[in-house]
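In: My questions concern the predicted model and sequence given below.
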Amino acid sequence: MGNNDCVYPRHKVESAAYHRVAIPPPQPFVKTFKYSVMETFFPDDPFRQFKNQSPLRGVWLGLQYFLPILEWAPRYTLNFFKADLISGITIASLAIPQGISYAKLANLPPILGLYSSFIPPLIYAMMGSSRDLAVGTVAVGSLLTGSMLGQEVSFTENPSLYLHLAFTATFFAGVFQASLGFLRLGFIVDFLSHATIVGFMAGAATVVCLQQLKGILGLDHFTHSTDIVSVMRSVFTQTHQWKWESGVLGCCFLFFLIITKYFSKKRPKFFWISAMAPLTSVILGSILVYLTHAEKHGVQVIGNLKKGLNPLSITDLVLVPPHMAIAIKTGIVTGVIALAEGIAVGRSFSMFKHYHIDGNKEMIAIGMMNIVGSCTSCYLTTGPFSRSAVNYNAGCKTAVSNIVMALAVMMTLLFLTPLFHYTPLVVLSAIIISAMLGLIDYDAAIHLWKVDKFDFIVCMSAYIGVVFSSVEVGLVIAVAISLLRVLLFVARPKTFVLGNIPDSRIYRNVEQYTNTCNVPGVLILEIDAPIYFANSNYLRERITRWIDEEEDRIKSSGETSLQYVILNLTAVGNIDTSGISMIDEVKKTIERRGLKLVLANPGSEVMKKLNKSELISKIGQEWIYLTVGEAVGACNYMLHTSKPEGTLKDESADSTWNV
């Protein structure tokens, strides 16, 4: 196991005092419990700002916490407004066509896409902590809403109930999101790993693009399933229904959108060209259909859009069985996805501008805007990447850009909705496909393959599950595999042998540092994780195997027989009763083989529990050392002086052992 066999120098007793490993002083249970709760739920210490403040000042700070607009609004300047005005108008030009498109993707009336781009951004502007997040509907959330609710209720046979369930699902999504924020449970979203999100988003984008073949080909009847097999079967069994006029128009607009996006990517200063392209496509498509009467030749159009602002929908929420269950399920699943996307996007752009956003505060803001939205005829909203990227590139300074966007959408609702009557559905399909192509991140998948093959498997599992089964199945598969990996990390922690780096008192992994030396008669093992019930049996068996392998190596090489086993517990942050029992069993097993167990650098939690379990007295505190170097020094001293083990306690109490 060691890579070099070197002569280990004799150790000598120095006059410096030997440093004992301290046992933490006992703490009251209430204090310990309070500390654990604070570390778990309040790692950022949100109450710090309230210390030593007057009651009135505390109330004001509390309002600022839940309404960040009160904090930055007094410092708002005219220069900020100029930047936010340009950004708001720019993202409005993208939000209007995307909102209509994504509502159709969720099998909802197109007007709901505009409603959802009006009220929620206003709520987020008051409560959100991100300066760059542009709020609105998203393709993946729309697809999930449509596919999950469609399993319970047909949007064609019972459109009213389907619409009410969409509002109800949005309500429960908002309640779930806000609850996570209020209860400081944001870490739940972290179970959606980066690899999971990359695969899931790519799979969802692929499914969304395939679904748009209905609009591109002008098909009247299409499968409600989202898997690739069902979609392709639906497409190729209706070849006689394909409408070439619609196909040509769709391909032309898709080519136009892709070209503008490519140009803006190559020339970032011209980002506005890509941002304006969807609205330009809608205008050109509407004019073309109006002039040529293409709606009479197989090109489907949106039709009449209701004029006016959001009607109240609080009385439409379905809060009774039997349909409430599917609304809750849809709300939780779509809520998690919306949170993961919104917070990830917000954090990404905050890093570019060097400011901090509070994840729990973001959850409250996103949750509240969905709760309010569900009561005002909106469906699920969050911060989509494409819109936020445009907002960032347009030079936004604050969340006022969302307010400007909302006002632009309001003007559209009040005065401009009749202009969308002739907008061809094929243009909306082209807009969706163009937006979705950006979610298929090939570079990220290749990077996962190079860095971590297991992460790549998680990514591909999510992708394959979404594309070949359903969005929900793909998500469950990816999360299940990610959790399995976490469990494997806990249940099968790393253990490795340490060796001495020549001419030093440093001990490192012999596989990482090939020039390390074995310490004759001493086996040094490091456990690289907390010891819990889930891994205690594995660690006992693995330690025994390390000892067997070391003894076999010694027999074959004719070296000094093994006398001491040192366990380096530096990385063991905590231990439970099963772990304590494991160490006790290892101690007994080692002693039956004529060896001695030595511990190095156990942490405070470990020492506290070892002391309470009286295992320290069994091991002997003289065999617990502050560093691996001191432990090796003590063992070598014993080996070279051949003193009985019982005499070490008296001498080590006043001495230190050096290499």
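Out: Everything's here; your move. Numbers count the residues shown, from 1 in each chain.

In: Next one: the residue nearest the centre of the chain, what pLDDT does it get?
Out: Centroid-nearest residue in the chain, with CA atoms, centre = their mean: Asp190, separated by 3.9 Å. Among the per-residue scores, Asp190 shows a pLDDT of 70.

In: in the strand or helix carrying Ser581, what's buried?
Out: Assigning secondary structure by DSSP states H and E places Ser581 in helix 577-592. Buried residues in helix 577-592, counting neighbours by 16 or more other CB atoms under 10 Å, are found at 579-580, 582-584, 586-587, 589-590. Every residue, glycine included, has its C-beta placed from N, CA and C.

In: Would you mind pulling up the elements that that helix packs against?
Out: On a contact count with 3 or more CB pairs under 8 Å, 6 or more residues apart in numbering; DSSP states H and E, helix 577-592 meets helix 536-557, strand 564-568, strand 596-600, helix 604-612, helix 615-619.

In: Other residues contacting it?
Out: For helix 577-592, the external contacting residues (CB atoms under 8 Å, 6 or more residues apart in numbering) are 530-533, 536-537, 539-540, 543-544, 547, 565, 567, 575, 596-597, 609-610, 613, 615, 618-619.

In: Out of the residues you listed, which end up buried?
Out: Applying 16+ other CB under 10 Å to the contacts of helix 577-592 flags 530-532, 536, 539-540, 543, 547, 565, 567, 575, 596-597, 609-610, 613, 615, 619 as buried.

In: in this structure, which spans are strands?
Out: Per DSSP state E, the chain carries strands over the ranges 13-14, 495-500, 507-509, 522-527, 564-568, 596-600, 624-625, 656-657.

In: Out of those, which gets nearest to Ala327?
Out: When these are compared by CB to CB, strand 522-527 sits nearest Ala327, at 47.5 Å.

In: Give me the sheet partners of the closest one and which way each runs.
Out: According to DSSP bridges, strand 522-527 forms sheet pairs with strand 495-500 (antiparallel), strand 564-568 (parallel).

In: Thr90 reaches Ala277, doesn't it?
Out: No. Between Thr90 and Ala277 there is no contact under CB atoms under 8 Å: 11.7 Å.

In: now the helices and strands packed on helix 577-592 in JSON lines, with distance to Leu67 and mean pLDDT?
Out: As requested, the helices and strands packed on helix 577-592 are exported to JSON lines (distance: least, CB to CB, whole Å; pLDDT from 0 to 100):
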{"stretch": "helix 536-557", "distance to Leu67": "49", "mean pLDDT": "91"}
{"stretch": "strand 564-568", "distance to Leu67": "50", "mean pLDDT": "94"}
{"stretch": "strand 596-600", "distance to Leu67": "52", "mean pLDDT": "93"}
{"stretch": "helix 604-612", "distance to Leu67": "40", "mean pLDDT": "91"}
{"stretch": "helix 615-619", "distance to Leu67": "53", "mean pLDDT": "90"}
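
In: still on that earlier bit, right, and the strands of the chain - which one's nearest Leu70?
Out: Proximity to Leu70 (CB to CB) singles out strand 522-527 among these, at 49.9 Å.

In: tell me the angle that closest one makes with helix 577-592.
Out: 170 degrees (axes from the mean of the first three to the mean of the last three CA atoms, to 10 degrees).

In: Put the alpha carbons of strand 522-527 into CSV.
Out: Backbone C-alpha positions of strand 522-527 (Å, rounded to 0.1, in the frame of the first residue of the first chain) are rendered in CSV as follows:
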residue,chain,number,x,y,z
VAL,A,522,2.1,1.2,11.8
LEU,A,523,-1.0,1.2,9.5
ILE,A,524,-2.6,4.7,9.1
LEU,A,525,-6.1,4.8,7.8
GLU,A,526,-8.3,7.9,7.1
ILE,A,527,-12.1,7.9,7.1
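
In: Can you give the distance of it from its chain's centre?
Out: Remark: strand 522-527 is offset 35 Å from the chain centroid, using CA atoms, centre = their mean, to the nearest Å.

In: for the record, mean pLDDT for it?
Out: Mean predicted confidence for strand 522-527 is 93.

In: ditto for stretch 122-135
Out: Mean predicted confidence for stretch 122-135 is 92.

In: Kindly report the same for stretch 294-304.
Out: 80.

In: in that stretch, what counts as buried?
Out: 294, 298-302.

In: Run through who's touching it.
Out: Under CB under 8 Å, 6+ apart, the answer for stretch 294-304 is 100, 110, 215, 218, 243, 245-246, 249, 288-289, 418, 420-426, 428.

In: End to end on that stretch, go ahead and measure it.
Out: 16 Å (CA to CA, to the nearest Å).

In: Please identify which of the buried residues of stretch 294-304 is nearest to Leu85.
Out: Distances from Leu85 to the buried residues of stretch 294-304, taken by CB to CB, are shortest for Ile302, at 28.8 Å.

In: Can you tell me how far the closest one is from Ser482?
Out: Distance of Ile302 to Ser482, given as CB to CB, to the nearest Å: 40 Å.

In: How is the chain divided into domains?
Out: Listed by the TED database, the domain ranges of the chain are 79-484, 493-640.

In: want to throw those into JSON lines with distance to Tyr65?
Out: What follows is the domains of the chain, written out as JSON lines (distance: least, CB to CB, whole Å):
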{"stretch": "domain 79-484", "distance to Tyr65": "7"}
{"stretch": "domain 493-640", "distance to Tyr65": "31"}
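
In: most packed of the ones you listed?
Out: domain 79-484 (a mean of 21; mean count of other CB atoms under 10 Å).

In: can you point me to the longest helix in this structure?
Out: For the chain, the helix that runs over the most residues, judged by DSSP state H, is helix 324-353.

In: about what we covered before: so which of the helices and strands packed on helix 577-592 gets nearest Phe253?
Out: Among these, the nearest to Phe253 by CB to CB is helix 536-557 (58.5 Å).

In: and for that closest one, what are the contacting residues?
Out: By CB under 8 Å, 6+ apart, helix 536-557 touches 1, 5, 491-493, 495, 497, 523, 525, 527, 531, 560-562, 565, 567, 578-579, 581-582, 585-586, 589-590, 593, 595.

In: Swap in 7 Å and give it another go.
Out: The contact list for helix 536-557, computed with CB atoms under 7 Å, 6 or more residues apart in numbering, reads 1, 491-492, 495, 497, 523, 525, 527, 531, 561-562, 565, 578-579, 582, 585-586, 589.

In: Using PDB, write out every CA atom in that helix.
Out: Extracted C-alpha coordinates of helix 536-557, given in PDB (Å, rounded to 0.1, in the frame of the first residue of the first chain):
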ATOM      1  CA  SER A 536     -20.800   1.700  10.100                       C
ATOM      2  CA  ASN A 537     -21.000  -2.000   9.000                       C
ATOM      3  CA  TYR A 538     -19.200  -1.100   5.700                       C
ATOM      4  CA  LEU A 539     -16.400   0.800   7.500                       C
ATOM      5  CA  ARG A 540     -15.900  -2.100  10.000                       C
ATOM      6  CA  GLU A 541     -15.500  -4.500   7.200                       C
ATOM      7  CA  ARG A 542     -13.300  -2.100   5.100                       C
ATOM      8  CA  ILE A 543     -11.000  -1.400   8.100                       C
ATOM      9  CA  THR A 544     -10.600  -5.200   8.700                       C
ATOM     10  CA  ARG A 545      -9.800  -5.700   5.000                       C
ATOM     11  CA  TRP A 546      -7.200  -2.900   5.100                       C
ATOM     12  CA  ILE A 547      -5.500  -4.700   8.100                       C
ATOM     13  CA  ASP A 548      -5.600  -8.000   6.300                       C
ATOM     14  CA  GLU A 549      -4.000  -6.600   3.200                       C
ATOM     15  CA  GLU A 550      -1.300  -4.800   5.200                       C
ATOM     16  CA  GLU A 551      -0.500  -8.000   7.100                       C
ATOM     17  CA  ASP A 552      -0.300  -9.900   3.800                       C
ATOM     18  CA  ARG A 553       2.000  -7.300   2.300                       C
ATOM     19  CA  ILE A 554       4.200  -7.400   5.400                       C
ATOM     20  CA  LYS A 555       4.500 -11.200   5.300                       C
ATOM     21  CA  SER A 556       5.500 -11.100   1.600                       C
ATOM     22  CA  SER A 557       8.100  -8.400   2.100                       C
END
